[in-house]
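In: Build me a structure from this.
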Amino acid sequence: MVNARAMALLLAGLAAGAGCRAPAPVPAGRRLGEDGPAVWLVDGRRAAWRSLLAARPTTLVVFATTWCGICREEQPAVEAWARAHPEVPVLYVFSGEALAAVLPELGRRHLGGGTLTAVVDAEGRLADHYGVSATPTFLVLAPDGSPRATHHRIGEVRVPGGRDPS
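Out: The predicted model follows:
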């Protein structure tokens, strides 16, 4: 069930065309530690955020929520983008939601199919750090976690030095 504040933010965001709005679960301005927060992978393992970024020169991070209709609509296009760009890891981050709440939705949506890695940032520290207040938000990140580009639709995403999706 969505609380009144979350519903008001959602409706305001949709009216503004900004996507689904998510209430910030963490006070603004919290900085990430050296390795970033530990996040949950859907298999139940914990991983340091920066360890997920270090493997490749560029990572696409998709901030989404389980209740966002636009996120659901964009999911097939995100998966197609991931298949077209196997050189770019795609991390699908559910920020501010508990792992137990995300798992049933992942099962219903068949998220990933091997093309995406779903990550749960239950405390919302990643969204806070990157200033994400609407979903979906697509960040192109460098290996050190610094943003190279921010987008709100998958069709806008271009990988620096990479090929454009076609």
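In: State the number of residues packed around residue 148.
Out: Residue crowding around residue 148 was assessed by other Cβ atoms under 10 Å; the count is 15. Every C-beta, even on glycine, is put in place using the N, C-alpha and C of the backbone.
In: for residue 115, same thing?
Out: Residues near residue 115, counting by other Cβ under 10 Å, number 18.
In: swap in residue 133?
Out: Close neighbours of residue 133, defined as other Cβ under 10 Å, add up to 18.
In: Check which element follows the longest helix belonging to the chain along the chain.
Out: With residue count as the measure and DSSP state H as the assignment, the chain has helix 69-84 as its longest helix. Past helix 69-84, heading to the C-terminal end, the next element that is a helix or strand (DSSP states H and E) is strand 90-95.
In: rewinding a little: now could you export just the CA positions of the longest helix of the chain as PDB?
Out: Written as PDB, here are the backbone C-alpha positions of helix 69-84 (Å, rounded to 0.1, in the frame of the first residue of the first chain):
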ATOM      1  CA  GLY A  69       4.400   2.200 -14.200                       C
ATOM      2  CA  ILE A  70       6.900   4.000 -16.400                       C
ATOM      3  CA  CYS A  71       9.600   1.700 -15.000                       C
ATOM      4  CA  ARG A  72       7.600  -1.300 -16.100                       C
ATOM      5  CA  GLU A  73       7.000   0.200 -19.500                       C
ATOM      6  CA  GLU A  74      10.700   0.900 -20.000                       C
ATOM      7  CA  GLN A  75      11.900  -2.500 -18.800                       C
ATOM      8  CA  PRO A  76      11.600  -4.300 -22.200                       C
ATOM      9  CA  ALA A  77      13.500  -1.400 -23.900                       C
ATOM     10  CA  VAL A  78      16.200  -1.500 -21.100                       C
ATOM     11  CA  GLU A  79      16.600  -5.300 -21.600                       C
ATOM     12  CA  ALA A  80      16.900  -4.800 -25.400                       C
ATOM     13  CA  TRP A  81      19.500  -2.000 -24.800                       C
ATOM     14  CA  ALA A  82      21.500  -4.400 -22.600                       C
ATOM     15  CA  ARG A  83      21.400  -7.100 -25.200                       C
ATOM     16  CA  ALA A  84      22.600  -4.600 -27.800                       C
END
